[in-house]
Every structure is written in structure tokens, then in C-alpha cells.
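# Sequence first, predicted coordinates after that:
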Protein chains: 2
Amino acid sequence: MLKVDEQWLSDITYQVNCTDTLLKEEGFTRLGFSKEEEKAIQQFTEISTNVGLHTRSDEAGNVIARWEGASPDEAPIAIGSHLDTVKHGGGFDGAAGVICALSAIKTLKDNGFTPSVPIEVICFRSEESSRFGVSTIGSKAMSGRLDMDAIKDIKDEHGTTVQKAVEEVGLTWSDFEKAERSESDLKQFIELHIEQGTRIEKAGASFGIARAIACPVRLSIKLLGKAGHTGTTPMDNRRDALCVAAPLISYVSEEASRRSVTNEYPVVATVSTLTVEPNVMTVIPDTVHLGIDIRSVDDELKRELAEDIKKKMNSLANESNVECQIETLVDDDSVFLDPETLKKVKQVGEGLGYKGFDMESGAGHDIMNMAHKWPTAMLFIPCKDGVSHHPSEYATEGDMVMGAEILAHYLKNEA
Amino acid sequence: MLKVDEQWLSDITYQVNCTDTLLKEEGFTRLGFSKEEEKAIQQFTEISTNVGLHTRSDEAGNVIARWEGASPDEAPIAIGSHLDTVKHGGGFDGAAGVICALSAIKTLKDNGFTPSVPIEVICFRSEESSRFGVSTIGSKAMSGRLDMDAIKDIKDEHGTTVQKAVEEVGLTWSDFEKAERSESDLKQFIELHIEQGTRIEKAGASFGIARAIACPVRLSIKLLGKAGHTGTTPMDNRRDALCVAAPLISYVSEEASRRSVTNEYPVVATVSTLTVEPNVMTVIPDTVHLGIDIRSVDDELKRELAEDIKKKMNSLANESNVECQIETLVDDDSVFLDPETLKKVKQVGEGLGYKGFDMESGAGHDIMNMAHKWPTAMLFIPCKDGVSHHPSEYATEGDMVMGAEILAHYLKNEA
């Protein structure tokens, strides 16, 4: 059995996060194409070089660390994830996948292994949607799924466009699409990620195998009522946009719960954003914006719920004489991963004595782009209390070591 | 009958608002102690001087335009209101009272009238709470109801404290309290204001007489749930702060409606402010702040509702394992005005052929401070669709003329 160097894994966990403390009160903020993401990528490059990998950056800023092995002309097996984070996120979402991948390579090297096909550790750019509202930019570029015109002019909260942000880190926007790789360029892609939930733990298992990635339907709703003085407008003469939004918030949550119980795959739905205007103590809310995120790997179930939410919203708005505008921001098909590859990864994990759990991913990942072109498998390790996108996001050293071990053994079998 | 100079009234309506257009898309923004409020006050001073009044600013920046009349040593009858506005408010909330007061003086002067007691037109400073969350600063100072230490360090959204703002317009903070006037300094105070509602119109009347000012109970509620990924956190494992807030929003509105029907005086209650954190599409809301405004001249009714809202909130939060912090920001007794003075003002109005309507004021006004020290009456004129604190706030020229006429005749009788 291959032994993972736990100290080295621990050291690079800090190094990649450019930190002395993994649980910082303010968490980590490494937005896509930011200086902070750049710094983390520099650390990735340094570690990769130290461990004997040859690194290059592609035209989209993805960094690929390659181990040529015995047959450099063969298509490589790729493993990896991303290093960008949400605002005040943690040091494991994305980073865990990169760290465990590097650690797996180090483990194989320490054991004198030479792969018969090349192995690549890929560090994707800008996976999170926090900065521009667009997720997985790097893996979209690599898999040829990026609509450059559609995202070029999208601005972050400071008014910087995607194009400008990309150029600020030294990339050339017009070359961006050249990051696309052909089907024959890669043999397969494996992504390790923290679970961002507690289903593995609840199942009494140690790791998860995600059979599918639930892609969201996202709705943006604008309610237009009428402002008025809170003290002088009688209750029966109001068009309060917030009062119209309130029952919908309950409906979204209650319906997702109800439909999850009766269905094979669960559906989750959340009113995650809400802003009120003018948001002043003495003025009745005249405008409310809601953002709703609905997910299930059962596309029909999620689309049915989205339609019912729209109907409910329209009916609530009509009853109260409030104008309602609904926009569907996203409606993507869920992505199913490669059953064969999934099975192999699970077998490797269970062969090492860890109990695996077949599940779905409620969150999107770089792998959902890669899966459109190459055989893929997704491996989840638990994270503390299921928390992610938060400063308290944490994966234990034991689980990180397990992740590295599984990857190392998988590569030993397959590469 | 005294004839109001309609053209002059119209002219000074524009002049006081420093504008060519009364219905500007962005409305008027003259926050308390701002340069914009200063400019409006300069216009007030200029008009007052032109019409033969002697103006002075008191230590709190209230401007008092005085007509000495036949007996300068007598206590004056004061009329007036304020010129500051909320953000993007209109040109009538406050301004209507000042304009009609000046117009009443002009009318009396045009008719060769000389009052037997002095008349004062008072333009109070910083009536709206929009800038500092503190209302009626000027009239609080004049009536000796200002807690200077309590407000001194309160900051506006740009970090400017009340003290600094006061000093920026050339006033001396340490002298501020000297604006207080003694009981014998004034005979009575009459305030004309736009209704900010539609009760006058609905009653088929032309003007309103506010017997009482409903002072609010205001609650600030903070709900602390738990963040989590919207895609990976099962519905039955959430502590979504927004889902806990939603039924309360409905409860506040429904209970106020229900209790208004069964009670002599109505109660109004509004969840007027709500912010969600982190307010990101992929994260379950972990923190929600709500601001609730509850008003009735029936203090018992409003306090009962406030208590029931607190109980309901605590119970909703407990059920969902969400932490709940409730703070009572304001809980003031309602203010009842002087029945004798109210009766006289109403009689004058009805004597002129206008139908009066006895009502309450759901909004706070400078008069609620003045009423603690002097006999007071409040006169409402209608405003279009009941809208105020909004760029579309508007009172017709006919209603403005009516207001000036009633004030002029009242002063002719009483002064």
C-alpha cells in the first residue's frame, strides 16, 4: 500500500492557501482572475516544479502540471480542481482537489512509480461564480464550452469586465479560446472535491462517488408594488412588494421539501438573494428582487418545481396588484458522469478499506464541463458539518490523506 | 374674504424648492443639515424678508421669520413646518407648510391687516430621519426635548456625525440647546402638512384636522441561521434565516389589518427594511435583519401588536433553530393635540366652505414636540394619490391655496 506523506500534504495545504492559519475569521477571498488567485496559482506552480512536474499555463490561465512518464505521446489521465474561492470562503473548496492531486503524485514518486501514460494535475481558473456570476470559466474554455461574447462585458461589482480582468492577469482575451483541447488530448479526468454537505457522514460512509452533477434552474424575480408612508397608508390600501414576496419564500422551501420526500432524487430550492427598495424604516417596500436557485439531477423534477414557483409568484402578485417580472437566468441539463470510471474509483477506495457512498452533486464543478468531452469521475471527501463557502469550511487531515491515497492508488492502477 | 395671491404662491413653491420643475424624476434630496437644505432655507429667508418679516436663525438652525404687529411684547402665534426632505422625496412634505404659512402672511399684508400679537413662521431643521435615523431635530431643540449626548455621535452613511454635520452648516454644537424656548415664549403653534394618505379624499372632505400624532414602536430584528451551499444542503438540514423571516412578514401585515377592523383607531404595521446576508445565489441566507414600524394613536393597541410580533418571531425562530435578537428602537407615546385649537382651525376651514375631516396622523411631525409645551393644531391638505417621500409627491395649487386661505383667516381671527 502506498503511504501518503502526511506532513508534506499538510505543508502544501498551508502553502497553496498562502496562510499560517486555515481557519481565519475572514476566511479566504481569491476571486477568479484576481491577484489573490494568482498568488495561490504561483504556489501551485512552485510545488509542482519541486515535485518534478513540468508546468505550463494555457491561454485561459489554467495551469497544467504534467508528469510525462514512460510514454509521453499517450493521452494523459488528468486530475485536479481549482484554487479560486468565493468571498470569505474557505481553504478547501477547490483547493482540496488540487492538494490531494499533488499529494498523490508525490506519493507515487516517493514510491518509485513511473506511469505508463502521462499524468496531469490541472488547476482550473475562476470556477466560482462570485465575481462575475459566471462559473467554471477555465474548464469551459478547456472543454470548448465557453461563449466568449456572452461573458466578455459582464462586470464585477467594481465595474471590471471579464475581458479586462483576464487581461489584468497577463492573458490575451483573443487567444482565450485556444485553451480548448481535443477529445484525443485527454484519456480521462478525475476531480476530488469536498462534499459541501453531510450525506456521506449520514450514510456512515467515508467518501462519496458523485454519479451526476445537478445543474440549476435559476430565477430572477422583480416585484414592483407601490411605496407609501408606513404611518399614513391604511393596511387595505397597500401594494407592499415584500408582503407579496413573503409567501413565495415559504412556498419555495416547503415545496422542495415535500417533493424531495416523494421522489427518488431530492430537489433543493432556495430563495438565496433578496433586496428591498427603498429599504427605509418609514417607507412601504415598493420593489423586491429575489434570486431563486433550484437543483436536482432529476431535470424534470427541477423544471416542474421552477414552473410551479413561477405560477405561484404570478398568482400572488396578481392578487395584490403588484407587477411581477420573472427571468430564467440559467436552465441547464444535469450532467451524468462515466459509470465505468466511477465504478473503478469506488473500487479503489473500498479496496483501501474506506466505505464509499453513491450520491449526486448538488453543486456545480469543473467536471461538468469536462464530462461533455471526456470520461470523468468525481470523488467527494467529507467537510466539517457540511459547511462550505464560509470561513469555517474545513476538511480533516485524515480525510485529505484518504483522498490523496485513493487518487494515488487509482493512478497506479490506470496510468 | 381674504384673497390668496395664487401666482405668488406658485412662484415661491418653485423658489423654496430651488427648481423649475416640481415633478423631477429624481425628486428632491435635501437631507437635514445638508447644503441642499441650506439652499432651501436661504430661499425661505429671502422670501420672508421680501414680504417684510424679520428673520433670525436660532442656535439649532431653525429659522424664525417674525411679524411684530401691534404688540411686539406679546407671545406670538407660530405657524410653519420644515424644508428638509428624504432621499428622492418630493417638494411638498414640509415645504407645503412653509409655503402656505408665507402665503398666509402675504395675504394678510396684501389686505392691510396688522396682527395684535406677533406672528412667526418657523422653518424647522432636519425633520426627516433619513440622514441620521433621528427625526425632528430642530423642533426637539426648540421644545427642549433633545438628548444631545444620545445623538451627537450618530453617523450618516458617509460617516459624518450629527455634531459634525451641524458644525458644517456653521452652527455651534455646544450652543445647540440654547434654541429651547420657554412656555411663555409662544402662544400656540399651527402646522400645515400634506396628508401623506388618502383618508381625506375617501371621506369626501377637503382638509383634515389631526387630533393626534401616532408615534411608532419600531423593532429591529436580527435572525442568525446558518449558511450552506444551496445545492448540497438537504432541505431537512437547513437553518435558513430568510425562511424564518417570511411568515413574520405575513403575520405583521395580516395582524395589523385584522386589528384595524375591530378597533376604533386603526393600527398600521410594516416590515419596511430587510437585508439578507450573504445575499449570494449559491448560499443559504444565514443572517436577516428586519426593521418593523408599528403605529396607532391607540398606544395600547400598538404595544400589544408589537409584543405579539416579538412572541411570534421568537416562536418561529425557535421552531427552526435560528437565533433571534429583537431590539425595540423606539416606543413613544402618541401625542394628542389641543382640542380647542383644533376646533377653531376646523371652524375657520368650514366657514370658508371647505369640508373638514377629523383624523389622526400616522406620520410624525415637528408638531409632536411642540405639543408637549404649547397648544397646537395640525391641518392636513390632500396630496395626490396619498403619495409622499417619493418624486411623484404632489399637492395641487387649489389645495395649497385652500391651506393658505385657512391659515390666513385663522390668523386674522386669532392674532
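That came in fine, so what should we check first?

# Could you give me the buried positions within stretch A:406-415?
Using 16 or more other Cβ atoms under 10 Å in any protein chain shown as the burial criterion, the residues of stretch A:406-415 that qualify are A:406, A:407, A:408, A:409, A:410, A:411, A:412, A:414, A:415. C-beta coordinates here come from the backbone N, C-alpha and C atoms, glycine included.

# And the pLDDT for the closest residue to chain B within the stretch 201-350 of chain A?
Closest to chain B within the stretch 201-350 of chain A is residue A:231: 3.3 Å, counting by Cβ to the nearest Cβ. On pLDDT, residue A:231 comes in at 90.

# pretty sure it is touching residue B:368, no?
No. Between residue A:231 and residue B:368 there is no contact under Cβ atoms under 8 Å: 11.6 Å.

# For those two, indicate the residue with more neighbours.
Using other Cβ atoms under 10 Å in any protein chain shown, the more surrounded residue of residue A:231 and residue B:368 is residue B:368, with 29 against 23.

# tell me the SS of that one?
helix (DSSP: H, G, I helix; E, B strand; the rest coil).

# Doesn't residue A:80 belong to a strand?
Yes. The assignment for residue A:80 by three-state DSSP puts it in a strand.

# would you list every one of the strands in the stretch 1-150 of chain A?
Using DSSP state E, counting those that start in this stretch, the strands of the stretch 1-150 of chain A run over residues A:54-57, A:63-67, A:77-82, A:119-124.

# quick one: which of those strands is nearest chain B?
Of all the strands of the stretch 1-150 of chain A, strand A:77-82 sits nearest to chain B, with 14.5 Å by Cβ to the nearest Cβ.

# ok, and does that closest one reach over to chain B?
No. Residues of strand A:77-82 are not located near chain B by Cβ under 8 Å from any Cβ of the partner chain, the shortest gap being 14.5 Å.

# got the CA positions of that strand in PDB?
What follows is strand A:77-82, C-alpha atoms only, in PDB (Å, rounded to 0.1, in the frame of the first residue of the first chain):
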ATOM      1  CA  ILE A  77      -5.000  11.000 -17.200                       C
ATOM      2  CA  ALA A  78      -5.900  14.300 -15.700                       C
ATOM      3  CA  ILE A  79      -6.800  15.100 -12.100                       C
ATOM      4  CA  GLY A  80      -7.400  18.400 -10.400                       C
ATOM      5  CA  SER A  81      -9.800  21.200  -9.400                       C
ATOM      6  CA  HIS A  82      -9.500  24.900  -8.800                       C
END
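
# Wait, residue A:259 touches residue A:305, no?
Yes. The criterion here is Cβ under 8 Å, and residue A:259 meets it with residue A:305 at 6.2 Å.

# list the residues that contact both of these two?
residue A:267 (Cβ atoms under 8 Å, 6 or more residues apart in numbering or on different chains).

# The stretch 301-415 of chain A against chain B: which residues are in contact?
Going by Cβ under 8 Å from any Cβ, the residues of the stretch 301-415 of chain A near chain B are A:361, A:362, A:363, A:364, A:386, A:387, A:388, A:389, A:390.

# Kindly provide the distance from the first one to residue B:331.
With distances taken as Cβ to Cβ, to the nearest Å, residue A:361 is found 50 Å from residue B:331.

# just to revisit the earlier point, now distance to residue B:5, mean neighbour count and mean pLDDT too, for the strands of the stretch 1-150 of chain A, in TSV please.
Formatted as TSV, those follow (distance: least, Cβ to Cβ, whole Å; neighbours: other Cβ atoms under 10 Å in any protein chain shown; pLDDT from 0 to 100):
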stretch	distance to residue B:5	mean neighbour count	mean pLDDT
strand A:54-57	78	14	98
strand A:63-67	79	22	98
strand A:77-82	73	28	98
strand A:119-124	75	28	98
